[in-house]
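Chemist: need a 3D model of the following:
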Amino acid sequence: MRNHSILLWILLFVDGVFGAAEVAVSVSVMKGDSVTLHTDVSELQNDDIIDWMSEDGVIIAKIENKKISEKYVPEKKFEGRLELDHKTGSLTIKNITSQHEGIYKLDIGGGHLISKNFSVTVHDDVESLSVMEGDSVTLHTGVTKIQKDGVIRWFGDQGTCIAALTCAAKTVSVKEGESVTLHTGLIDIQRYDLILWKFEDHLIAEINKGTNQFIVLENADVRFKGRLQLNEKTGSLNISGSETTDSGDYHLNMSNKMCTLHRTIVLTVKAIVTPKGHTEDPGLHPDEGQILKECELSEKNEQSC
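Modeler: Now for the predicted structure:
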């Protein structure tokens, strides 16, 4: 009887150590975004061991005794893309591509017992083109200017990289005076608790689902006064009457309990150039200006007669 009691105690102990409930999380991101997979730990304890693994169980990042282990070299596809948060152990994958789709496994042992599986899906807009055999075809990126801090890769239908060029931030270009919408890529914001829009380092708009607040912080940067509007369904940011001073980097952060998505959109507002020697009374309608010119010409002709 005593032996059975000892065996039962050992089984309970083992289940308490290794039986942490496994949580499954699905994350969908757009190609080129950065995504943070959260551990749900506010601060690591000294005896916590964090293992981040790829789908095949290979460790790609590790924290032990609050220090990032240098022993584990991730696969080449992760080179320069992984960041670990020293405080929480959360993992960020930067400039994500279709190569990084799959299951990411998190195991935390020590003071915190957590086991999670993150299913990461990378998507992009798909366009169909129809051409005749022998034709040449150009596939456009939609980018007007390549940024120097990222990478553009072209992949074949089997996922094989067929061309690469060094860029990461999404680029939008408009003419001065036009309205422009910076898109979140969401149909509905329900899956995110907090959405932040920043211009350079200034917070200019915030959506907080917990407090049901949609806030435009125009005082943070007076140049946007009266020109910013948030779409309450998608979280996209509209800038009306764009000015050349609106050009720059717009940072989008979308977060919930499980992950945080980071995106940078580079906006370029092109100035409208007035033709050299062209002078026109700004108070006149274009048609009125033309009529006035015709009248002046008619008067000159009469005088010459």
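Chemist: surely S34 and N95 touch.
Modeler: Yes. S34 is within contact range of N95, at 6.5 Å (criterion: Cβ atoms under 8 Å). For every residue, glycine as well, the C-beta is placed using N, CA and C.
Chemist: got the buried residues for stretch 109-126?
Modeler: Burial within stretch 109-126, assessed by neighbour count using 16 or more other Cβ atoms under 10 Å, is assigned to 109, 112, 114-116, 118, 120, 122.
Chemist: if you could redo that for stretch 93-104, that was the one I meant.
Modeler: In terms of neighbour count (16+ other Cβ under 10 Å), stretch 93-104 has its buried residues at 93-97, 99-100, 104.
Chemist: among those residues, name the ones in strands.
Modeler: 93, 104 (DSSP state E).
Chemist: closest one of the buried residues of stretch 93-104 to N253?
Modeler: For N253, the nearest member of the buried residues of stretch 93-104 is K94. The distance, counting by Cβ to Cβ, is 13.7 Å.
Chemist: just flag the most distant two among the buried residues of stretch 93-104.
Modeler: The span of the buried residues of stretch 93-104, defined through Cβ to Cβ, is set by N95 and Y104 at 16.2 Å.
Chemist: about what we covered before: mind putting the buried residues of stretch 109-126 in JSON lines, secondary structure and pLDDT included?
Modeler: Below are these laid out as JSON lines (DSSP: H, G, I helix; E, B strand; the rest coil; pLDDT from 0 to 100):
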{"residue": "G109", "secondary structure": "strand", "pLDDT": "85"}
{"residue": "H112", "secondary structure": "coil", "pLDDT": "72"}
{"residue": "I114", "secondary structure": "strand", "pLDDT": "84"}
{"residue": "S115", "secondary structure": "strand", "pLDDT": "88"}
{"residue": "K116", "secondary structure": "strand", "pLDDT": "90"}
{"residue": "F118", "secondary structure": "strand", "pLDDT": "92"}
{"residue": "V120", "secondary structure": "strand", "pLDDT": "91"}
{"residue": "V122", "secondary structure": "strand", "pLDDT": "88"}
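Chemist: for the chain, which residues score under the pLDDT cut-off?
Modeler: Along the chain, the model assigns pLDDT under 70 to residues 1-22, 73-74, 111, 125-130, 132, 134, 141-169, 275-305.
Chemist: tell me the domain ranges of it?
Modeler: Domains of the chain are assigned by automatic domain parsing as 19-123, 169-270.
Chemist: next, format the ones you listed as JSON lines and append distance to V131.
Modeler: What follows is those, written out as JSON lines (distance: least, Cβ to Cβ, whole Å):
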{"stretch": "domain 19-123", "distance to V131": "23"}
{"stretch": "domain 169-270", "distance to V131": "26"}
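Chemist: those: which one's closest to H140?
Modeler: Closest approach to H140 among the domains of the chain (Cβ to Cβ): domain 169-270, 12.3 Å.
Chemist: now do the helices in the stretch 201-305 of the chain.
Modeler: Taking DSSP state H, counting those that start in this stretch as the criterion, the stretch 201-305 of the chain carries its helices at 286-304.
Chemist: got it, and the stretch 51-200 of the chain?
Modeler: Under DSSP H, counting those that start in this stretch, the stretch 51-200 of the chain gives no helices.
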